[in-house]
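Novice: Kindly generate the corresponding structure for this input.
(chains A, B, C and D, ligands or ions: 2)
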Amino acid sequence: MRWQADVHVRLRPGIADPEGQTIARGLRSLGFETVSDVRAGKLLRLAFEAPERISAEAAVAEMCRRLLANPVMETADWELRAEETTAVGVGA
Amino acid sequence: MRWQADVHVRLRPGIADPEGQTIARGLRSLGFETVSDVRAGKLLRLAFEAPERISAEAAVAEMCRRLLANPVMETADWELRAEETTAVGVGA
Amino acid sequence: MSRPRVAVVVFPGTWSDRDFMHVAGLLDWEARRVWHLDTDLGDPDAVVLPGGFAHGDYLRTGAIARFSPVMRAVESFAAAGGAVLGSCNGFQVLTEAGTLPGVLLRNDHLEFRCDWQPLRVERNTGPWLGGLSEGETISLPISHGEGRYYAEAAVLDELEASGRVVLRYADASGAVVPEANPNGSLRSIAGIVNERGNVLGLMPHPERAAEAEVGGTDGLRLLRSLDAWLVAQPALAERRL
Amino acid sequence: MTIAAPAERHGLTEAEYERVVAALGREPNPVELGMFGAMWSEHCAYKHSRPLLGLLPTRGERVLVGPGENAGAIDIGDGLAVVFKVESHNHPSAVEPYQGAATGVGGIIRDIFTMGARPIALLNSLRFGPLDPLEDASGRTDAAAATRNRYLLGGVVAGIAGYGNCIGIPDVGGEIGFDASYNGNPLVNAMCVGIARHDEITLARAAGPGNALLLVGASTGRDGIQGASFASASLGEDRDERRPAVQVGNPFLEKLLMEACLELSRSDAVVAMQDLGAAGLTCALAEVSARGGCGAEVDLDLVPRREPRMTPYEVLLSESQERMLIVVRAGREAEVRATFDRYELHAATIGRVIAEPVVRARFAGSVVCEVPGRALTNDAPRYTPPAAPPADLAVRRGERLDDLAAQIPSASTLLELLASPNARSRRPIWRRYDHMNGTNTVVGPGAGDAALLRVKGTSVAIALALDGPGRIGALDPRLAGAAAVVEGAINVACSGAAPIGFTNCLNFASPEEPAGYWQLAEAVAGMAEACRTLGVPIVSGNVSLYNETPDGPILPTPVVGTVGLLRDRAGAVPMRWSAGDAIWLLGEPAWDAAALSASELAWRRRRFGGEPQLDVGAAARLVRLLGRLAAERLAAGAHDASVGGLGVALARLAIASSLGAVVTLPPGAAPFPSASLFGERAGRVLVAVRPAVEAALSAAAAEAGVAAFRLGSAGSD
Ligand SMILES: Nc1ncnc2c1ncn2[C@@H]1O[C@H](COP(=O)(O)OP(=O)(O)O)[C@@H](O)[C@H]1O
Ligand SMILES: [Mg+2]
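Specialist: Numbering: from 1, shown residues only, chains lettered A, B, ... in the order given. Ligands and ions are numbered 1, 2, ... in the order given. Have a look, this model is predicted:
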């Protein structure tokens, strides 16, 4: 069965995010003065196969743990959907 | 009223994504052989103010158009929520 | 003693291996490149992880490299007390691998930065720093976009307490001041060692400072430290007899 | 099969279409028409510039490879050659600055390693509109345009840095200028320099029917289809529709390609290498076969794709980056493939060299195109359109600058010029480039007029500079061409090197306008003359036309890359003076009011006219003299006058040396002191001299026929 996962990798709270700060400044200088904060992260859309949802979930968790996020500074969560269906589950 | 938007910036389909390809290769070599594709994008969490949902939506759309995504190669969609509530709307 | 045998690890996107090989010639080291898919380091006296963009630095610097087959050999060499130097991308790989604590984040000003950088030598122990003096100011090139050292406060305190912060960004007079910090590293950290002190990770490029003609020789002094250290290692000396 | 597209779609005129029919002896099919459209675009075919380029001197004793190959090559002794070329990526950078600039750098690097040379340096020449409306004396830049210019500059510099830093080739110099004519149409020219052993230089000529054609590197997507025709049209209002899919660079992949190709250039299993650039596979197949006088037959089904359902037209014209075509001796494919495997690169055999001089491609079993390679390349149309100077030129040239020139210069004017966008420190740019990788950089950016790189294993250094002529082109494009050449030669000569070769990039507006073509023709003539006078050939180059927006054309911008040779780098001359040094000015003085025309000062005072001048013969004598001064160790330091004239040049030397100087201009400068101090006429160099050798210096200058003036000395506060 084919799966699609949208993995969101975010900086842990408290870690300085100069990229987010720069974007926030940019937005404010464009006239969006009420923007008080921006945090920048990564969005990874994965396509892969797994026999069933439970193993697909486990695979994404493992991919995040081993490669996609570095726990020293990042957290990851994801949305997993079976391709050609619309069921959405949220994991963390 | 305070709003939080999670903006997803993705490469348009067809645009080459060396980062995604490299991550896919990395995952396969770690043993996740069924990974057929990875597309890399950006995740931006914005905090800002707007009087109501309709103007908040319009503001995010405008921020995407003017700064957050280059329409030549990227698309943006977002989830908008009022802070301290849990209502979620999806825009594009 | 015979010439130090040094393994220079090469990932697909590594480039400072060429400069290390050149400097190895100046130092009269017997240096050998080891491709990242190799599992055997070839019984070296020291291992160098040079600068570059190991796998394009996509995702995170060093994230993919740490899984390369050669890294198992590097890790066990390090665990056995062997001299390991990770410079720039090599430092990033060592932190991703967990051989050294912390992580290197994008420079606080978001730009790549290439420049000569004064550094204060905080400790001169271990294989790579013995030829320098504590408290002295040396100058080495930096060249990175992601060199902002970060670790949790407790980890930083532990590093400081155990004397493992060995190099700090400084101004020309050796003062560690915020203006001299080129990337926003916490506590101006430019280089650290592991608990045993045999593994050094640093963002600067010692191999680029080995000849006056191209700007300076402090890097050569740093690298030359290895020779004396090896001689002082009875176990190694015996093995080499 | 593809949808039939009208000739219009591919940018071909009715007459050109007829020419295609004549070349084929039949109507082209839609795929073939697309191939002609791309190959006969200005970008690939040089329709309007080829006849002019014939004027450039390209021969010389040291020339190993001249124009026509991927890059030029010049002998530097010790069995080594320097291989170099400059190329533009203007239009793509206007649309997506980061990727446009990055892929420009990637493209020029491929040109160098395709020749079997290891790239050792990059340089870049940039032009943008003003970053601040207040900095535009012409008043043509509003806040929105300035914001866009800042975005473009940020993206372009990041893209150059992103690609060059990742692949590991140091960016050692360049130049940048600002003018309202570049609003919305920035110029991004990148130069790459490599070193090769003579016997490892690899040409791009297919030979030997039966030899295999390998396609290596990235898989093929729909990137940049019609990029060649896009680059050959102005950035008009309809640019959104013309826009091809943005190409994304992958420097990491290119690093692998580079290492593999360099390894293979030492093997006799490889007959030829050609990178895929504009017009993709079509251009690569046509060029290698036309150069080799043979043909190529490929099966498009064997081309690795990134996207499903690509048409033969798309596969043939895709401009996906980081791809190479390798011609491999029959029977040796396995060995070559093993090398690519080692670098984790995918190599597909897509066809063979054939004797019949045609490019033939099959798709799903049937032939989709069959075109003589020469028809696509050498037989492209050539035009010599009408040329005429801009109508208002005579009036503008007639402007007198005497009043401005006669003003008494003030310290605040000097500070204003030093801080001006066209003269201020470039450190914020070059510190974002790794300029030390390879440990060859003896003189890096900001430290001299030219970058100086040692060649390991020899006593030699090569000096590199990349220069454009500022605004002279608006008043005298011929002089602009000459000035770019002279500035390059003098920049390398200041470091003690002798110029040995040039490359050039011609950035101009539409040649279909008489003024545009006139500017191009004049500039090329001026470059040719100056090269002849210096006795130095041009061995490679690139042309970028149609640089204009609805607001108008860009300034004529011929950019010249110069390579100099310093036999003994121990004798390199720094850009510095020391306490007690005498300061001399060498070169034809420019004490007249016209010296201010096209200068930064005049422009800032809204004086856009005048008659710029340049004595190329005198400049050539100066270049030779500088070489001699270095060889005889008579010059302790040198720096040429460029933007901001002598005033800014003196200030730069003082800053570089952390030491001031007291100078007095000679009596001849008295009538027009501002022109004398801030005029920008090329061909003048400040030299620092130890007092003991002043007599020798002045004798050498007299002997060389170079005017020399003692201005003062350094260190006396
Ligand atoms: N775009 C650029 N990229 C890299 N280096 C640059 C760039 N522009 C200028 N430089 C470097 O900055 C220094 C000063 O440049 P420039 O102002 O053009 O010098 P000058 O007018 O004295 O010849 C030179 O070393 C040059 O190579
Ligand atoms: Mg100069």
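
Novice: in what helix or strand does C:Val9 lie?
Specialist: Here C:Val9 sits within strand C:5-10, counting by DSSP states H and E.

Novice: Direction included, what does that strand pair against?
Specialist: strand C:30-35 (parallel), strand C:46-49 (parallel) (DSSP bridges).

Novice: Next SSE downstream of the last one?
Specialist: Counting by DSSP H and E, the next helix or strand C-terminal to strand C:46-49 is helix C:70-79.

Novice: Distance of C:Arg18 relative to D:Ile655?
Specialist: Distance of C:Arg18 to D:Ile655, given as C-beta to C-beta, to the nearest Å: 34 Å. The C-beta positions use only the backbone N, C-alpha and C, and glycine is treated the same way.

Novice: Which of these two has more residues huddled nearby?
Specialist: C:Arg18 (20 against 12; other C-beta atoms under 10 Å in any protein chain shown).

Novice: Contact partners for the more buried one?
Specialist: C:Arg18 makes contacts with D:Gly438, as judged by C-beta atoms under 8 Å, 6 or more residues apart in numbering or on different chains.

Novice: Report the buried residues of the helix or strand that contains it.
Specialist: Assigned by DSSP H and E, C:Arg18 belongs to helix C:16-27. By neighbour count on 16 or more other C-beta atoms under 10 Å in any protein chain shown, the buried set for helix C:16-27 is C:16-24, C:27.

Novice: do stretch A:72-82 as well
Specialist: Buried residues in stretch A:72-82 (16+ other C-beta under 10 Å): A:72-74, A:76, A:78, A:80-82.

Novice: Over to stretch D:47-64 now: how far is its first residue from its last?
Specialist: End-to-end distance for stretch D:47-64, by C-alpha to C-alpha, to the nearest Å: 26 Å.

Novice: for stretch D:106-120, same thing?
Specialist: 14 Å.

Novice: quick one: the helices in chain A?
Specialist: A:18-29, A:53-63 (DSSP state H).

Novice: Output the helix holding C:Arg18 in PDB with nothing but the alpha carbons.
Specialist: The C-alpha trace of helix C:16-27 is given here as PDB (Å, rounded to 0.1, in the frame of the first residue of the first chain):
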ATOM      1  CA  SER C  16      39.200  20.000   2.000                       C
ATOM      2  CA  ASP C  17      40.700  16.600   1.600                       C
ATOM      3  CA  ARG C  18      42.800  18.000  -1.200                       C
ATOM      4  CA  ASP C  19      44.100  20.800   1.000                       C
ATOM      5  CA  PHE C  20      44.800  18.300   3.900                       C
ATOM      6  CA  MET C  21      46.700  16.100   1.500                       C
ATOM      7  CA  HIS C  22      48.800  19.100   0.400                       C
ATOM      8  CA  VAL C  23      49.600  20.000   4.000                       C
ATOM      9  CA  ALA C  24      50.300  16.400   4.900                       C
ATOM     10  CA  GLY C  25      53.100  16.700   2.300                       C
ATOM     11  CA  LEU C  26      54.500  19.700   4.100                       C
ATOM     12  CA  LEU C  27      54.300  17.900   7.400                       C
END
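
Novice: quick check: angle from that helix to strand C:30-35?
Specialist: 170 degrees (axes from the mean of the first three to the mean of the last three C-alpha atoms, to 10 degrees).

Novice: Please list the residues of chain C that sit near chain B.
Specialist: Where proximity means C-beta under 8 Å from any C-beta of the partner chain, the interface of chain C facing chain B comprises C:55-56, C:58-59, C:63-64, C:67.

Novice: Within reach of chain D, which of these are there?
Specialist: Among the residues of chain C next to chain B, chain D is touched by C:55-56, C:58 when using C-beta under 8 Å from any C-beta.

Novice: want to throw the residues you listed into CSV with neighbour count?
Specialist: As requested, those are arranged in CSV below (neighbours: other C-beta atoms under 10 Å in any protein chain shown):
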residue, neighbour count
C:His55, 24
C:Gly56, 25
C:Tyr58, 25
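
Novice: Please pull out the lowest mean pLDDT helix or strand from chain C.
Specialist: None of the helices or strands of chain C scores lower by mean pLDDT, DSSP states H and E than helix C:234-240, at a mean of 62.

Novice: how many other residues sit next to C:Asp115?
Specialist: 13.

Novice: Report the contact partners of it.
Specialist: C:141-142, C:182, D:431 are the contacts of C:Asp115 under C-beta under 8 Å, 6+ apart.

Novice: What is the three-state secondary structure of D:Leu55?
Specialist: Following DSSP: H, G, I helix; E, B strand; the rest coil, we place D:Leu55 in the coil state.

Novice: And it, its phi and psi?
Specialist: phi -70, psi -20 (degrees, to the nearest 10).

Novice: Can you give me the neighbour number for it?
Specialist: Neighbours of D:Leu55 using other C-beta under 10 Å come to 14.

Novice: nearest spatial neighbour of it, skipping sequence neighbours?
Specialist: D:Ala528 (4.3 Å; C-beta to C-beta, 6 or more residues apart in numbering or on different chains).

Novice: do you know how far the one you found is from chain A?
Specialist: 47 Å (C-beta to the nearest C-beta, to the nearest Å).

Novice: Which helix or which strand is home to that residue?
Specialist: helix D:514-534.

Novice: Now that helix: buried residues?
Specialist: Buried residues in helix D:514-534 (16+ other C-beta under 10 Å): D:515-534.

Novice: again, but for stretch D:498-511
Specialist: Those would be D:498-511, for stretch D:498-511 by 16+ other C-beta under 10 Å.

Novice: near chain A, which residues of the stretch 51-200 of chain D show up?
Specialist: So the stretch 51-200 of chain D never meets chain A (C-beta under 8 Å from any C-beta).

Novice: which residues of the stretch 51-200 of chain D score low on pLDDT?
Specialist: By pLDDT under 70, the stretch 51-200 of chain D contains no weakly predicted segment.

Novice: again, but for chain A
Specialist: A:85-92.

Novice: between the contacts of C:Asp115, which is nearest D:Gly100?
Specialist: D:Arg431 (22.1 Å; C-beta to C-beta).

Novice: circling back: output the strands paired with strand C:5-10 in TSV, with mean neighbour count, distance to ligand 1 and mean pLDDT appended to each entry.
Specialist: Listed next are the strands paired with strand C:5-10 as TSV, based on neighbours: other C-beta atoms under 10 Å in any protein chain shown; distance: least, C-beta to the nearest ligand atom, whole Å; pLDDT from 0 to 100:
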stretch	mean neighbour count	distance to ligand 1	mean pLDDT
strand C:30-35	16	31	97
strand C:46-49	28	29	98
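
Novice: out of those strands, nearest to D:Gly444?
Specialist: Among these, strand C:46-49 sits nearest to D:Gly444 (C-beta to C-beta), with 24.6 Å.

Novice: Tell me the secondary structure at the residue of chain D at minimum distance from ligand 2.
Specialist: Minimum separation of chain D from ligand 2 (C-beta to the ion) falls at D:Asp449, amounting to 3.7 Å. Classification of D:Asp449 by three-state DSSP places it in coil.

Novice: rewinding a little: of the ones next to chain D among the residues of chain C next to chain B, closest to ligand 1?
Specialist: For these, the minimum distance to ligand 1 (C-beta to the nearest ligand atom) is 23.2 Å, reached by C:Gly56.

Novice: residues contacting that closest one?
Specialist: B:18-19, B:22, C:13, D:166, D:250-253.

Novice: any idea how far C:Ser143 is from it?
Specialist: For C:Gly56, the distance to C:Ser143 - C-beta to C-beta - is 16 Å.

Novice: repeat for D:Ser599
Specialist: D:Ser599 is 37 Å from C:Ser143, by C-beta to C-beta.

Novice: D:His91 now?
Specialist: For D:His91, the distance to C:Ser143 - C-beta to C-beta - is 31 Å.

Novice: related to what we said a few turns ago, would you list the helices of chain A in JSON lines and tack on mean neighbour count?
Specialist: Formatted as JSON lines, the helices of chain A follow (neighbours: other C-beta under 10 Å):
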{"stretch": "helix A:18-29", "mean neighbour count": "17"}
{"stretch": "helix A:53-63", "mean neighbour count": "17"}
